[in-house]
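**Student:** model this:
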Amino acid sequence: MADGVEVRGNRVRVYFRYEGELCREPIPGTATKAVIANAERLVGIINYEIASGTFSYARHFPNSPRLVGNTLGHFMDLWLDIKRNEMAPSGFRTYKSKLENHIRPRWGSHQADMIDHLDLQAWLQKELLPKLHNKTVREILNIMRQVYVIYRTRNRSAHDPTEGLTVRLPDPDEADPFTRNEIRDILQGPSERQQELNLAQFMIWAGPRVSEAISLAWEDVDLKNGTVKFRRSQVRGHYKVTKTRRSTREVRLLRPALEALLAQRRFTEKCRPVQIEVTDRDNKTKKRQAVRFVFHCTTTGAAHSSSDMLLKGFWKPHLHAVGVRYRGPNNCRHTYASQLLSTGAVPVDWIAEQMGHTSTAMIWRHYGKWINRDGADMIGILERDLEL
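**Tutor:** Predicted coordinates for the structure are as follows:
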């Protein structure tokens, strides 16, 4: 009997080494001379194809259990299990959505080793880029690349078809802060939702992320010293510690931000504490806290359940009503940075500290913009200092 063929009882199997592993597959039929001869011919073909790089496991053994464990979908599931324990629920949902909506329908049933670099390139160029933002396509490609990292831990000599693929991003949009006139229109425009106006004033003049502002509690506020401590955020109803360790910070409040909190006292300061669970930075440990949230939704009487509800329920219609060009509520954070920068008197390091960043470059790159109409008369200052 030729090497690569074995008989076990009344059954025939072929065996061969593929990608460093010894593989065994049964041959249909009983162990007759004809079936054994067919197995010998088959194993010769397989060894030749492996040597020449043309072997396809699925073509020869389409029903093999080995194929189920070699589909890209199998490695997607492994990757999801890892990410589920590594990431916060909100971030995990975003990753999973991209995988389930874009990657799995197209590639999930394919054998991981049969997906070609050029096939992926065509998928990016013809299917994804025409209908999705470049940033989204880059994130999808990055997920695909991470799935192949899992695959290659099982198959160390395997290729990675994502290698060399890139998705270029357009230049980022400049910060688009509200001007002082727009701030006045937003805060003084007619509205029956005074709590949301207080929240808007606080965000514009204290610079928190929206997720930090809606999860601020009176236990975090020191009205006597004019400070607040941002130590949690809320995304889609899930509370967690702030985005980074640096983001957990004590902020000194400008007068308008402090006035917003003083105006908010009558609405929520005497509310009974509610119990919440806050997920720690390991995305596993949960700590219970009893808190009285500062800002409530006027229509529900409860704390804001998500930034999306704030956006749709108040922010967007209010900006339309007062005639201010629409920008999202997180633009209040951009506005805070830009208003401070435009004075020309505040060190950028101090602004970065207030906003929870280690890099001053982040302030200019993502948040800050000099607003000429709101800034100091720099020419006058220079002429005075230069004695011109």
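**Student:** where in the stretch 151-300 of the chain is pLDDT low?
**Tutor:** Scanning the stretch 151-300 of the chain for pLDDT under 70 picks out 156-158, 171-173.
**Student:** could you pull out the helices for it?
**Tutor:** With DSSP state H, counting those that start in this stretch as the criterion, the stretch 151-300 of the chain has helices at 180-188, 194-206, 210-213, 255-268.
**Student:** In which helix or strand does G91 reside?
**Tutor:** G91 is part of helix 89-98 when elements are defined by DSSP states H and E.
**Student:** about what we covered before: most tightly surrounded among the helices of the stretch 151-300 of the chain?
**Tutor:** Counting by mean count of other CB atoms under 10 Å, helix 210-213 has the highest mean neighbour count of these, with a mean of 25. From N, CA and C alone the C-beta is placed, and that goes for glycine too.
**Student:** What are the buried residues along the helix holding G91?
**Tutor:** 90, 92, 95-96, 98 (16 or more other CB atoms under 10 Å).
**Student:** Same list (those) but as a markdown table, adding distance to I27 and pLDDT.
**Tutor:** Shown next, in a markdown table, are the buried residues of helix 89-98 (distance: CB to CB, whole Å; pLDDT from 0 to 100):
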| residue | distance to I27 | pLDDT |
| --- | --- | --- |
| S90 | 51 | 79 |
| F92 | 44 | 89 |
| Y95 | 42 | 92 |
| K96 | 41 | 94 |
| K98 | 42 | 95 |
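**Student:** out of those, which one sits closest to P26?
**Tutor:** Nearest to P26 among the buried residues of helix 89-98: K96, at 36.9 Å, using CB to CB.
**Student:** thinking the closest one is in contact with L80, fair?
**Tutor:** Yes: with contacts counted by CB atoms under 8 Å, K96 reaches L80, the gap being 6.2 Å.
**Student:** and R168, how far is that from L141?
**Tutor:** Using CB to CB, to the nearest Å, R168 is found at 12 Å from L141.
**Student:** circling back to that earlier point, which is the succeeding secondary structure element to the helix holding G91?
**Tutor:** Using DSSP H and E, the helix or strand that follows helix 89-98 in sequence is helix 104-107.
**Student:** Compute the mean per-residue pLDDT across the following helix or strand past that next one, please.
**Tutor:** Sequence order places helix 117-122 as the next helix or strand after helix 104-107, per DSSP H and E. Averaging pLDDT along helix 117-122 gives 93.
**Student:** And for helix 117-122, what's in contact with it?
**Tutor:** By CB atoms under 8 Å, 6 or more residues apart in numbering, the residues outside helix 117-122 that reach it are 144, 161-165.
**Student:** one more time with 6 Å
**Tutor:** P161 (CB atoms under 6 Å, 6 or more residues apart in numbering).
**Student:** Go through it and flag the buried ones.
**Tutor:** L120.
**Student:** Please save the CA atoms from it in PDB.
**Tutor:** C-alpha atoms of helix 117-122 as PDB (Å, rounded to 0.1, in the frame of the first residue of the first chain):
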ATOM      1  CA  HIS A 117      -5.100  40.100  -1.700                       C
ATOM      2  CA  LEU A 118      -6.500  41.200  -5.100                       C
ATOM      3  CA  ASP A 119     -10.000  40.000  -4.100                       C
ATOM      4  CA  LEU A 120      -9.900  42.200  -1.000                       C
ATOM      5  CA  GLN A 121      -8.600  45.200  -3.000                       C
ATOM      6  CA  ALA A 122     -11.500  44.800  -5.500                       C
END
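**Student:** Check the offset of that helix from the chain's centre.
**Tutor:** 25 Å (CA atoms, centre = their mean, to the nearest Å).
**Student:** neighbour-wise, which of R168 and L141 wins?
**Tutor:** Between R168 and L141, counted using other CB atoms under 10 Å, L141 has the larger neighbour count: 19 against 6.
**Student:** quick one, what contacts that one?
**Tutor:** Contacts of L141 by CB under 6 Å, 6+ apart are V167.
**Student:** pLDDT at it, what is it?
**Tutor:** 95.
**Student:** helix/strand/coil for it?
**Tutor:** Three-state secondary structure (criterion: DSSP: H, G, I helix; E, B strand; the rest coil) places L141 in helix.
**Student:** now swap in K316 and tell me
**Tutor:** Relying on three-state DSSP, one would call K316 helix.
**Student:** now swap in the one 3 residues further on and tell me
**Tutor:** At L319 the chain is in helix, as set by three-state DSSP.
**Student:** quick one: contacts for it?
**Tutor:** Taking CB under 6 Å, 6+ apart, we find L319 in contact with Y326.
**Student:** Per-residue pLDDT of it, please?
**Tutor:** Here the pLDDT value assigned to L319 is 95.
**Student:** What separation is there between it and P256?
**Tutor:** 19 Å.
**Student:** Which elements pack onto the helix holding G91?
**Tutor:** helix 72-86 (3 or more CB pairs under 6 Å, 6 or more residues apart in numbering; DSSP states H and E).
**Student:** Can you give the domain ranges for this structure?
**Tutor:** 5-63, 72-154, 181-325 (automatic domain parsing).
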